[in-house]
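[1] Curious how this folds, go ahead:
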Amino acid sequence: MLSIVLIAIVIALLFDFLNGMNDAANSIATIVATKVLSPTMAVIWAAFWNFAAIFIFGVSVAHTMGEGIVQASCINEYLILAALLGSVIWVWLCTHFGMPISVSHALIGGLIGPVWFTYGSSALIASGILKIILFIVLSPLIGMILGFIMMCLTMLVFHRHNPLKVEGVFKFFQLFSSAIFSLGHGANDAQKTMGIIAILLFSVAGSNEFVSTYLYENTGEFHVPGWLIVTCYSVIAAGTIIGGKKVIKTLGDGLAALKPAQGFCAETAGAMTLIGTAVLGIPVSTTHTITGSIIGVGITKGVASVRWATATHIVAAWILTIPATIVMSGFVYWVMGLFLTLPK
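    Below you'll find the predicted structure:
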């Protein structure tokens, strides 16, 4: 059992790394597109603030991931391993082809798949899943509305000012807005992997002395140990530093042509959405949020200014992510059952 648990933890941290790698674009797409920072400096900036979230936010999103999607009594080390493998495969494919998909929802779909196929729908927590599905729709809409409102207010306040001076001011402001967005990214996304690893450790701590002694204090209640919090934040920051240049190009240049004021409004709108949902413990997608914010800002220049073909491709990937990872992780668990005796 212990070897499978350790393998699952390593794969979960790999997933966390890929999360940072794919979602690096979400944090810095606008600041790169507006040429405020080079891609290299931007990923270092974003990674710093990703990790800084550890000192500001709690672990409410991790608790939702660990306790709010599937029944804890159904969890075992093989199921978590299948969930992670299915998710990693999908995230790697999408990152490879430059598609800014929701890493969060890949992990959620990966967790649902083997539980649903093995134990049926009664093992799923409908209220938690419905809340996540609801925010698949709401988070980009909230980002879009906030982005549109902020851009309109900015144009109203600065329309009489010299455009070159305004651009210089907002280049400075964008450093602030990208930092706040990266804080929200870290607070939301790093905790998702924490929740998955924590529920795995919680499920085996009672029957494995090594886990209960060194990895997870068996208090009888679900919690997130300190070493896990530090590790997950560190790994997602490392993934952000490596970055996904193809995804950065898709989000930074593929949706709308942005100037510093527009980048500031998009990032700030996205940050407000992410931080609000993180505080409420709702695991939303940073990809959905920043995409909606960029579109909202772009619409202020006219509907035609948004590259709707790119947006359509991104939305298609969003729609496919949860069903695809449900099937992938369920298939991986089925294959495991051909060679191993899995818990029932």
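
[2] Please report how far the residue nearest to Ala266 when sequence neighbours are not counted lies from Glu267.
    If the residues on either side of it in the chain are set aside, Ala266 comes closest to Ser293, at 4.2 Å by C-beta to C-beta, 6 or more residues apart in numbering. All C-beta spots, glycine's among them, are computed from the backbone N, C-alpha and C. According to C-beta to C-beta, to the nearest Å, Ser293 and Glu267 sit 7 Å apart.

[3] My read is that Val103 contacts Asp16, right?
    No - applying C-beta atoms under 8 Å as the test, Val103 and Asp16 come out as separate, 9.2 Å apart.

[4] Can you pick out the residue with more neighbours from these two?
    Between Val103 and Asp16, counted using other C-beta atoms under 10 Å, the more crowded position is Val103 (32 against 28).

[5] one step back: my guess is the residue nearest to Ala266 contacts Leu146. True?
    Yes - using C-beta under 8 Å, Ser293 is in contact with Leu146, at 6.7 Å.

[6] Mutual contacts of these two, please.
    Ala269, Thr273 (C-beta atoms under 8 Å, 6 or more residues apart in numbering).

[7] and the helix or strand where Phe148 lies, average pLDDT?
    Under the criterion of DSSP states H and E, Phe148 resides in helix 126-158. Mean pLDDT, helix 126-158: 90.

[8] which other helices and strands contact whatever helix or strand comes next after it?
    Following helix 126-158 in sequence order, the next helix or strand is helix 163-185 (DSSP H and E). Secondary-structure packing of helix 163-185 (3 or more C-beta pairs under 8 Å, 6 or more residues apart in numbering; DSSP states H and E): helix 2-33, helix 39-52, helix 260-280, helix 286-299.

[9] looking at this protein, which helix or strand is least sure?
    helix 245-254 (a mean of 54; mean pLDDT, DSSP states H and E).

[10] how many other residues sit next to Ser73?
    Ser73 has 9 nearby residues by other C-beta under 10 Å.

[11] What does the pLDDT read for it?
    The model's pLDDT for Ser73 equals 87.

[12] From Tyr119, how far out is it?
    9 Å.

[13] Apart from its chain neighbours, what residue comes closest to Leu79?
    Nearest one to Leu79, counting by C-beta to C-beta, 6+ apart, is Pro114 at 4.8 Å.

[14] Doesn't the one you found lie inside a helix?
    Yes - using DSSP: H, G, I helix; E, B strand; the rest coil, the assignment for Pro114 is a helix.

[15] Distance-wise, check it relative to Ile80.
    9 Å.

[16] so where is this structure shaky, pLDDT-wise?
    22-27, 29-30, 33-34, 95, 98-100, 243-258, 304-314, 316-317, 344 (pLDDT under 70).

[17] most distant residue from the middle of it?
    In the chain, counting by C-alpha atoms, centre = their mean, Arg160 sits farthest out from the average C-alpha position, at 38.9 Å.

[18] And it, its phi and psi?
    When read as degrees, to the nearest 10, the backbone of Arg160 gives phi -90, psi 0.

[19] same deal with Asn218?
    phi -80, psi 80.

[20] Could you report the distance from it to Phe202?
    8 Å.

[21] Between those two, tell me which one has more neighbours.
    Phe202 (22 against 16).

[22] hang on, the more buried one packs against His63?
    No - the criterion here is C-beta under 8 Å, and Phe202 misses it with His63 at 11.1 Å.

[23] now the helix or strand hosting Leu79 and helix 286-299, what's the angle there?
    Using DSSP H and E, Leu79 maps to helix 77-96. Counting by axes from the mean of the first three to the mean of the last three C-alpha atoms, to 10 degrees, helix 77-96 lies at 30 degrees to helix 286-299.

[24] which other helices and strands contact helix 77-96?
    By 3+ C-beta pairs under 8 Å, 6+ apart, helix 77-96 packs against helix 2-33, helix 103-119, helix 191-204, helix 245-254, helix 308-339.

[25] Select, out of those, the one closest to Ile44.
    Ile44 lies closest to helix 2-33 among the helices and strands packed on helix 77-96, at 9.7 Å (C-beta to C-beta).

[26] re earlier: which stretch among the helices and strands packed on helix 77-96 comes nearest Ile133?
    Among those, helix 308-339 sits nearest to Ile133 (C-beta to C-beta), with 8.1 Å.

[27] got the contact list for Tyr78?
    Per C-beta under 8 Å, 6+ apart, neighbours of Tyr78: Ile4, Tyr333, Met336, Leu340, Leu342, Pro343.
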